[in-house]
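1. Model the following, please.
(2 chains)
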Amino acid sequence: MNAPADRERDPGLQPERTRLAWRRTTLASTVAAVLAVKTALHGGVSATGVVACALCCAFWLGFLFVAHRRIHDLTVTTGPRALAPRHATAAVLCTVAVAACGAALVL
Amino acid sequence: MIEFARTVRLWFEPQEIREEGSTPDYRFSLANERTFLAWLRTALALIGGGFAVDQFLPDLRWAWRVGLALALLGAGVLCSLRAVNHWMRCEQAMRRGEDLPVSRFPAMLSVVVAVVAVAMVVVVLVGWEG
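-> Numbers count the residues shown, from 1 in each chain, chains lettered A, B, ... in the order given. Just a heads-up that it's a prediction; the model follows:
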């Protein structure tokens, strides 16, 4: 996209592929979040449903934020740094939290 | 248990990983990151499957429906935790110049997915008649 022009091009397009992998992952998390919201609002509005729905949306936004930061890093830096464990853990914790909300909704 | 606590601490402490060994070619790190993301998508698909079982098989008996949904959600949680752990172990191994860690998790996951799929077939067939 808007990569610096003086940057040496990597013939394997590694940063681009990694960026697209993050994009695909945000799409997958969007699908999971939509299904979670559908489960939460199925069969009438209840207090548990609304709370779980809000939490799922919050964790989905958290995941989007992590992905956005990483995509930004991959776009602007030359020879991008490796993913920070903190970001990997944050992404995983968002996923786990959505699953936990799901378990609460299903029961 | 102490080993486990040390591992979990490393998830949050990037500096400790950077202190060991030498930085590998960034392309290897990015490949490792993409593998991590692929596992995370697998986990998200399992979680989505859990929601789908709960939503789109309403004719099933409650126990079966909830059991299957919880099994899929649990598999998703395990898969995502394992994804970050394996990513970190690969990153460490690359820094130290060791062989990449081997894992029997992919085989276990495929067995679990196969068992859940067979259970779904049985449950849907039986549930349709009953």
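
2. quick check: longest helix of chain B.
-> Using DSSP state H, we find that the single longest helix of chain B is helix B:62-96.

3. Chain A: helices as residue ranges?
-> Using DSSP H, helices in chain A cover A:14-41, A:47-76, A:85-106.

4. Just want the most central residue of the chain.
-> In the absence of a named chain, chain A is used. A:F63 (3.3 Å; CA atoms, centre = their mean).

5. hmm, I had chain B in mind actually
-> Note: chain B centre (CA atoms, centre = their mean) maps to B:C79, 1.1 Å.

6. Now it. Nearest residue, chain neighbours left out?
-> Leaving aside its sequence neighbours, B:C79 sits nearest to B:A43 (CB to CB, 6 or more residues apart in numbering or on different chains; 3.9 Å). C-beta here means a position set from N, CA and C on the backbone, and glycine is covered the same way.

7. I figured that neighbour hits B:V84, correct?
-> No. B:A43 lies out of contact with B:V84 (CB atoms under 8 Å); the separation is 10.1 Å.

8. got any ranges where chain B has weak pLDDT?
-> B:1, B:14-19, B:127-130 (pLDDT under 70).

9. ok so, going back, and the gap between the residue nearest to the centre of chain B and A:T30?
-> The gap separating B:C79 from A:T30 is 18 Å, by CB to CB, to the nearest Å.

10. Wait, B:R41 touches A:T26, no?
-> No. Assessed by CB under 8 Å, B:R41 is found out of contact with A:T26, at 9.9 Å.

11. who has more neighbours, the two?
-> Just comparing B:R41 and A:T26: by other CB atoms under 10 Å in any protein chain shown the higher neighbour count belongs to B:R41, 23 against 20.

12. quick one on the thing from earlier: which strands or helices does the longest helix of chain B pack on?
-> Applying 3 or more CB pairs under 8 Å, 6 or more residues apart in numbering or on different chains; DSSP states H and E, one finds that helix B:62-96 contacts helix A:85-106, helix B:2-12, helix B:14-19, helix B:26-56, helix B:105-129.

13. okay, stretch B:87-101 in CSV with CA atoms only?
-> Extracted as CSV, the C-alpha positions of stretch B:87-101 are listed here (Å, rounded to 0.1, in the frame of the first residue of the first chain):
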residue,chain,number,x,y,z
TRP,B,87,4.8,-19.6,18.8
MET,B,88,7.0,-18.5,21.8
ARG,B,89,8.8,-21.8,21.9
CYS,B,90,9.6,-21.6,18.2
GLU,B,91,10.8,-18.0,18.6
GLN,B,92,13.1,-19.1,21.5
ALA,B,93,14.4,-22.1,19.5
MET,B,94,15.2,-19.9,16.5
ARG,B,95,17.1,-17.4,18.8
ARG,B,96,19.1,-20.2,20.3
GLY,B,97,19.7,-21.9,17.0
GLU,B,98,18.1,-25.1,18.2
ASP,B,99,15.7,-27.4,16.3
LEU,B,100,12.1,-26.3,16.3
PRO,B,101,10.0,-27.9,19.0
